[in-house]
Structure formats: structure tokens, C-alpha cells
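Q: using only what follows, build the 3D model:
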Amino acid sequence: MKKFNLFYASMAVVGLLLFVAFRPDFHKELSFYGFAESRATEINYNYAVVVEKILVKPGEEVQAGQVLMELSRRKSKETLEDQSFRIAQLKAEESLWVHKLENEIEELKMDRQVRLADIDRKIERTQKELAYKKSLFGGLQSIEPAEPTYVPLEDALASYQQEKLDLNQLYTLKIEGLKDEIALGKSPYSEEIKRYLAEQQFDESQKVIPILVKAPADGLIGNITCKEEEHIPAYSTLLSFYEPHSGIIKGYVHEDLTLEVEIGQTYLVSSLKDEKVSYPGKVIGLGSRIVEIPSRLRKIEALKAYGREVLIEISKDNSFLQKEKVGITYCSENSPQKP
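A: Residues are numbered from 1 along each chain as shown. Down below sits the predicted model:
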């Protein structure tokens, strides 16, 4: 006669118990676990600040508008010095620009003088040639000469004189234009200098700006991640703020029961510490995929289970603590109709 194997018998019993624990029973009332979702608000600023005073401590209840911290925003000395350096640099570049224009003016004057002198020489040469020809004609008395013509020389002389006038006017306009540009401050650096001066003046007037951090609503102080007299970089969290009681319950229904849950259904959310405390709520959201159920929300914590996330909205006027584990039971009178 074969001996009875206790190991296989015990394994059979455990398997039966697991089957009973996880077998979906559509005839029983649908229930699962969840927790009061915590909605934290992280308070930070998009610029660097200095913590002057911390007026609250973690876990403290605060009222809307209550001052939580006193901060200050300070312009760094390096920023102000950089502005001064940039202004001095731009002014130096502007001075070089003015000097360059002044050199251009002098070059134009010299060029005008050279070109006008060249035209004067041409005029003088033409005048001498014209006078010489006229003198030759005046000395002829033995014969009756033909009427002399001096038109080409006279035309050339007139052309040189007009060229001299036009050239002098052109150079005068260029020189006066450069002088006006300097006098009116049309420097390409002037607007940038004005902008830096305005920024510098503004920053000087706001070297230290006091800031009061106030509670956005009634709630609880979470973590405080700074200390007094500490310089906090931009976008770094100063503290976290929680609503006193969450109005959202997050639960996980087993994957075999996901079709039993629908948006708009009514559930009873109950405290696991005090069965007298319960609140009605409605399903306002369902997860889009199957995920692993957190261990604290499983019926047997040591065994992995999978399900769908369910969000249930209850009144914010509840006594659940943040992250408190709760029981979620479907109200049978609103049970969905099966086809």
C-alpha cells in the first residue's frame, strides 16, 4: 500500500484556497480597496530667491492666504557689474565709431581739395590757351582775317567750372551728412546703450524685492525643502502644500472584474479603521490599461495581482487622511444591467 504524500495534499489545499480567494464571483457584491489620493502643490518661483523666514512647519494646518514664508529676490552683484562692463564696452565702441566718421570727414576734405585743385589747373590751362589764341588774332593787321572761333575752349572752360561747382557741392553734402550723423547720435550702439542703462537703473532700484509666500487654500504643509538664509535657484521647490482632505479616491479593481465598473456608477467608500465612517462617491475615471495592483491594496499582499485603476470622487468634507487605505463597495441598487 502506497504512503499518502502530505506535501501534495497541502499543495492541493493551498491551491483550492487561492482559487476561492481570486475566483471572480459575479454574484457577490463588487468590492475592492483604494486610498485617499493626495494632491500636492509644489511652491517654487521661476527666478532665484533668498529664504528670509520660515513661518510654518511640516504637517501644520494653514488657512487660505496665511503667510508661509518670507523671501527676497536679489539682483546679484555680478549681474550689475556685467551691465556696467557692457555699457562701458559699448561706449568705447561708439567712441571708435565717432572717430571713424571724423576720419572719413577729413579724408573727404582732403580728397575734395585734391580734385578741386586738379580742376583749377585745367581751368587755368584752358584760360591761358584761350588768351593766347585771342592775342594771336589781335596782332594780325595786313590781311582781313576770318572771324575767329573760340567755342571749343570756351565750352571746355565752362564745363570745368560747372564740374568744380558740382564736385564741391557733392563733397559738402557728404561731409555735412557725416557731421549730422555724429551730432544726432545715430550711432548703431546708442540704442543698445540706452537699453542697458534702463536695465541697470531698474535693477539698481530693485536690488532687493520682498516676497510673501501665502497658502493658496486651506490645507496642510508637506515637506519644507529649504532653510532660512538659503539661496534657492530658480524652479527649485520651497515646500509642498496639500489639501486637508482629498476629494479623490484611487482604487484598483481586479482584472477579472473590470467590465463590472463603469463611469457614473455610485460606490460607498468606507474607512477600514471605523466602519461607521463612509461616504458615497461616483466613478469619474477609469485607467486605460491593466497595471499591477499596489501591494497594500491586494487581498493577499504577498501575491502579485493585476487590475484597472478606478478614480472615485467624494465630498472634500471627509475625515480620511492623506493616502489612507479605504474599502470601496458597489451600491447594489445601481448594479449595471447585463445583456
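Q: okay, now the sheet partners of the longest strand belonging to the chain, with direction.
A: In the chain, with assignment by DSSP state E, the single longest strand is strand 278-292. Partners of strand 278-292 in the sheet, by DSSP bridges, are strand 266-271 (antiparallel), strand 306-313 (antiparallel).
Q: restricting to C-alpha, output that strand in PDB.
A: Listed in PDB are the C-alpha atoms of strand 278-292, where the atom choice follows Å, rounded to 0.1, in the frame of the first residue of the first chain:
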ATOM      1  CA  SER A 278     -18.300  56.100   4.900                       C
ATOM      2  CA  TYR A 279     -19.100  58.400   2.000                       C
ATOM      3  CA  PRO A 280     -20.900  57.900  -1.300                       C
ATOM      4  CA  GLY A 281     -18.900  58.600  -4.400                       C
ATOM      5  CA  LYS A 282     -19.100  58.400  -8.200                       C
ATOM      6  CA  VAL A 283     -16.700  56.900 -10.700                       C
ATOM      7  CA  ILE A 284     -15.200  59.800 -12.700                       C
ATOM      8  CA  GLY A 285     -12.300  58.000 -14.400                       C
ATOM      9  CA  LEU A 286     -11.000  54.600 -15.400                       C
ATOM     10  CA  GLY A 287      -7.400  53.600 -16.300                       C
ATOM     11  CA  SER A 288      -6.700  52.800 -19.900                       C
ATOM     12  CA  ARG A 289      -4.600  49.700 -19.200                       C
ATOM     13  CA  ILE A 290      -4.100  46.800 -16.900                       C
ATOM     14  CA  VAL A 291      -1.400  47.500 -14.200                       C
ATOM     15  CA  GLU A 292       0.000  45.800 -11.200                       C
END
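Q: pull out the buried positions in it.
A: Residues 278-279, 281, 283 are the ones in strand 278-292 that count as buried (16 or more other CB atoms under 10 Å). (Each C-beta comes from the backbone N, C-alpha and C, glycine too.)
Q: ok, stretch 256-267 next?
A: Within stretch 256-267, the residues that qualify as buried are 257, 260-261, 265, 267, counting by 16+ other CB under 10 Å.
Q: what's the answer for stretch 51-68, then?
A: Within stretch 51-68, the residues scored as buried using 16+ other CB under 10 Å are 51-52, 54, 56, 62, 68.
Q: pick out the most distant pair among the residues you listed.
A: The largest distance within the buried residues of stretch 51-68, taken as CB to CB, falls between 52 and 62 and amounts to 18.3 Å.
Q: out of the strands paired with strand 278-292, nearest to residue 166?
A: Each of those was checked against residue 166 via CB to CB, and the shortest separation belongs to strand 306-313, namely 87.7 Å.
Q: what comes into contact with the closest one?
A: Residues from elsewhere that reach strand 306-313 (CB atoms under 8 Å, 6 or more residues apart in numbering): 32, 34, 37, 247-255, 257-258, 261, 267, 269, 281-287, 289-293, 328.
Q: from residue 178, how far out is residue 242?
A: Counting by CB to CB, to the nearest Å, the gap from residue 242 to residue 178 is 69 Å.
Q: remind me, longest helix of this protein?
A: The single longest helix within the chain, with elements called by DSSP state H, is helix 77-138.
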